[in-house]
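**Q** predicted model and sequence below, questions to follow.
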Amino acid sequence: MNLIDLYIGEVTRRLPEKNRQDIALELRSAIEDMLPEDPSEQDVKEVLAEMGNPAVLASGYRDKPMHLIGPRYFDLYISLLKLILPIAITVTLIVVIVVAIFTNSGETTIIDATVSLIGDAISASVNAAMQVFFWLTLVIALIERADRSSSQAPMTMNSKEWTPDDLKEVVYIPKEKAISKFEIAGSLIWTVIWTAGYFNADRLLGVYHNRGEGLEFVAPTFNQDVLLSYWPLIILMLVLEIALAVYKWREGQWTRRVAIFNAVVQIVSTGIIVLILTNSKLVNQAFLDEISSVFGGTSGLSWTIGAIILTVVVVAVSDMYQGFRKAMIRPAK
């Protein structure tokens, strides 16, 4: 993409979706009118420098003025907010989930524990978001008021004023190829949930009986000793998934290396899951007795485990395919 396209993109991405196309056409027309015939790269830079910083130009098109944080620091403030907020919420959710699972004594049903966990997670996430918003706003406002510079040019993430040369550092990533922060956060949260649940399965998953005073936990589904015997493999899965999430966060898009790393993680994880599920001693005998007394046998259990294995394999293959497909997407030129 050329400098003009990148400049227009830097302006319009700060504007409401419904106005972007019209403003992009208006900007392109204005820039082309200011350029000579057959312009050089230097001519384009001079015109873009005259147009000014994209953040300032975008603020002129917005209906709402920026009052809380001035135009010099507003763009930096929003960029930091988008960077810090997902991290803060993700860390908060992970802490809440770990505490809830490891402090569960088994006296409450998995349904009650899940409802309580959801409530705690929502409350903690809202509190974390409010804390980030308050403290970041306060810090940026104080920095802006302590700034004695007479320049009103907006600051960038590298604490320098914008120049047309900054456009060369802009990396255009197609929407389908990009890896969102929410996707990464979701994968990390899911990793924490299944890991914590795995090591506490004997207190979470099982048969509950209603004896008139609420549900009572009767028998765990799995033999916890068997689950714990695979702990080195589970730790390997945990490390691989966290490493993949960090790698995705750093790259920000699907590349061939990310797709290969993702495929390795999926193959290893699927193999470990299948290995555990096919262990003949995995299911607790007390659980089998309860199932047998209700359904008159346990023949359906093998079908259930087979269906779970098939689902895990299909999901893994689909995830690997999507990873390589997205990695092959090429940005438009």
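**A** Cool, the structure landed.

**Q** is it true that Ile4 touches Ile31?
**A** Yes. In this structure Ile4 lies within contact range of Ile31 using Cβ atoms under 8 Å: 5.7 Å. Just so you know, the C-beta spots here come from the backbone N, C-alpha and C atoms, and that holds for glycine as well.

**Q** which residues do those two both contact?
**A** Counting by Cβ atoms under 8 Å, 6 or more residues apart in numbering, the contacts common to Ile4 and Ile31 are Leu48.

**Q** so which other helices or strands are in contact with the strand or helix carrying Arg72?
**A** Applying DSSP states H and E as the criterion places Arg72 in helix 71-102. Judged by 3 or more Cβ pairs under 8 Å, 6 or more residues apart in numbering; DSSP states H and E, helix 71-102 is in contact with helix 54-61, helix 110-146, helix 181-198.

**Q** so which bits of it are buried?
**A** Within helix 71-102, the residues scored as buried using 16 or more other Cβ atoms under 10 Å are 71-77, 80-81, 85-86, 88-90, 92-94, 96-97, 100-101.

**Q** next, the angle helix 110-146 makes with that helix.
**A** 160 degrees (axes from the mean of the first three to the mean of the last three Cα atoms, to 10 degrees).

**Q** pLDDT averaged over helix 71-102, what's the number?
**A** For helix 71-102, the mean pLDDT works out to 79.

**Q** please renumber so the chain begins at 21
**A** Taking 21 as the first residue, the last one we looked at is helix 91-122.

**Q** now do it against helix 201-218, angle only.
**A** 20 degrees.

**Q** of the helices and strands packed on helix 91-122, flag the one that's most buried.
**A** Among these, helix 74-81 has the highest mean neighbour count (mean count of other Cβ atoms under 10 Å), at a mean of 19.

**Q** only the C-alpha atoms, please, for that one, written as PDB.
**A** Extracted as PDB, the C-alpha positions of helix 74-81 are listed here (Å, rounded to 0.1, in the frame of the first residue of the first chain):
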ATOM      1  CA  PRO A  74      -3.900  11.900  11.000                       C
ATOM      2  CA  ALA A  75      -5.200  12.000  14.600                       C
ATOM      3  CA  VAL A  76      -5.600  15.800  14.500                       C
ATOM      4  CA  LEU A  77      -7.300  15.600  11.100                       C
ATOM      5  CA  ALA A  78      -9.600  12.900  12.300                       C
ATOM      6  CA  SER A  79     -10.600  14.900  15.400                       C
ATOM      7  CA  GLY A  80     -11.800  17.700  13.000                       C
ATOM      8  CA  TYR A  81     -14.300  15.300  11.400                       C
END
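
**Q** elements contacting it?
**A** helix 23-32, helix 37-54, helix 91-122.

**Q** output the below-cut-off pLDDT ranges for the stretch 21-170 of the chain.
**A** In the predicted model, the stretch 21-170 of the chain carries pLDDT under 70 at residues 21, 82-88, 120-134, 168-170.

**Q** one more time with 90
**A** 21-149, 151-170 (pLDDT under 90).

**Q** one more: the stretch 221-353 of the chain?
**A** 221-248, 250-251, 258, 262, 266, 269-275, 297-326, 328, 346-353.
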